[in-house]
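Visitor: sequence first, predicted model second:
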Amino acid sequence: MNSGTIRTIIVDDEMPARRLLATYLKDYCADIEVCAECDSSESALEAIGRCHPHLLFLDIEMPGENGFDLLRKFEKPSFRVVFVTAYSEYAIRAFRFSAVDYLLKPVKVDELIESVAKFRQAADLPGSGKEMETLLRNISSPSQSLDNLVINGNNGLSVVHLNEVILCQGEGYCTHFFLPGKRKITSSKNLKYYEELFLHHQIIRVHHSWLVNLHHVSGLTRQGEILLSDDLKCPLGNTYKTQFLSLIGKFR
């Protein structure tokens, strides 16, 4: 969607939060048309059927059915979602794994404007829609393990399981993902972004330019090169050697 009015619904059980967001959208986002404000999943469901929105600003925690429950009612939503939520470390990590946009309460004007701009940029992106499917799959995991990752690559959105990632190479502001079968996906996010995202997972930094998946490590040469699946290899930096040797022992 490159032009035209963006039909929008705000879903939040707190009236002051709805009114503030609606005011910000009116004052700072001229192409937004707020066609409904809803205080529950039930009223939002009715409004979606009536208004056919392009975009939802959706609170997660609401009495009765929450925001995720609402989304599960749509097999393939025709709208995109920006989550509006109070801070929750797990929820935010789930959003980042799934490449889903979110705003933290209290909403800041500059972040809201950025979200609307990102909506316009992403609306026609190949693979659009995978983000929500991946998010719902991630948050439905009984163990709350975030195993599915959405990568915004050169050819659109790709969903990969963390076990597929062999290693990641940082190059400037980009990160190259190396996957089985000699597949490669380049993300517009830098390596530090993914290092922080993969905290508590099996993918760790071993060099200032490399992250490796410990499940794919097959050996370490005397020259300090890590050997991995698919005949891939990368250097082991001295700074990371102690941590790598300690962790790799737990995976064997």
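Guide: In hand now; what should we look at?
Visitor: what's in contact with stretch 26-45?
Guide: Taking CB atoms under 8 Å, 6 or more residues apart in numbering as the criterion, the residues outside stretch 26-45 that touch it are 4-13, 15, 18-19, 22, 25, 47, 50-51, 53, 55-56, 58, 62-67, 69-70, 73, 109, 112-113, 116. (Glycine included, C-beta is placed from N, CA and C.)
Visitor: equivalent analysis for stretch 210-223, please.
Guide: With CB under 8 Å, 6+ apart as the test, stretch 210-223 has contacts from 162-163, 165-170, 191, 194-195, 198, 202-206, 226-229, 232-236, 247-248, 251.
Visitor: ok so, going back, now a PyMOL select for only the buried ones of the contacts of stretch 26-45.
Guide: Buried subset of the contacts of stretch 26-45, written as a PyMOL selection, criterion 16 or more other CB atoms under 10 Å:
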select buried, resi 6+7+8+9+10+11+12+13+18+22+25+47+51+53+55+56+58+62+67+70+112+116
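Visitor: and the contacts of stretch 26-45, which of them are in helices?
Guide: 15, 18-19, 22, 25, 47, 50-51, 67, 69-70, 109, 112-113, 116 (DSSP state H).
Visitor: closest to residue 179 out of those residues?
Guide: Minimum separation from residue 179 among those (CB to CB) is found for residue 67, which lies at 31.7 Å.
Visitor: touching, that closest one and residue 83? I think so.
Guide: Yes. Residue 67 lies in contact with residue 83 (CB atoms under 8 Å); the separation is 6.7 Å.
Visitor: common neighbours of these two, please.
Guide: A shared contact of residue 67 and residue 83, defined by CB under 8 Å, 6+ apart, is any residue touching both; here these are 58-60.
Visitor: so which of the residues you listed belong to strands?
Guide: Taking DSSP state E as the definition of strands, these contribute 58-59.
Visitor: closest one to residue 101 out of the shared contacts of residue 67 and residue 83, please.
Guide: Nearest to residue 101 out of the shared contacts of residue 67 and residue 83 is residue 58 (CB to CB; 10.7 Å).
Visitor: ok, what's across the strand from the closest one?
Guide: residue 11, residue 83 (DSSP bridges).
Visitor: next: residue 158.
Guide: When bridges are assigned using DSSP bridges, the partners listed for residue 158 are residue 151.
Visitor: check contacts around it.
Guide: Residues in contact with residue 158 (CB under 8 Å, 6+ apart) are 127, 130, 150-151, 185.
Visitor: pLDDT at the closest residue to residue 60 other than its chain neighbours, what is it?
Guide: Residue nearest to residue 60 in three dimensions, not counting chain neighbours: residue 67, with 4.3 Å by CB to CB, 6 or more residues apart in numbering. pLDDT for residue 67: 88.
Visitor: residue 59 versus the residue of the chain most remote from its centre, what's the distance?
Guide: Of all residues in the chain, residue 222 has its C-alpha farthest from the mean position, at 38.2 Å, by CA atoms, centre = their mean. Distance of residue 222 to residue 59, computed by CB to CB, to the nearest Å: 56 Å.
Visitor: isn't residue 177 right next to residue 162, touching?
Guide: No. With contacts defined as CB under 8 Å, residue 177 does not count as touching residue 162, sitting 10.7 Å away.
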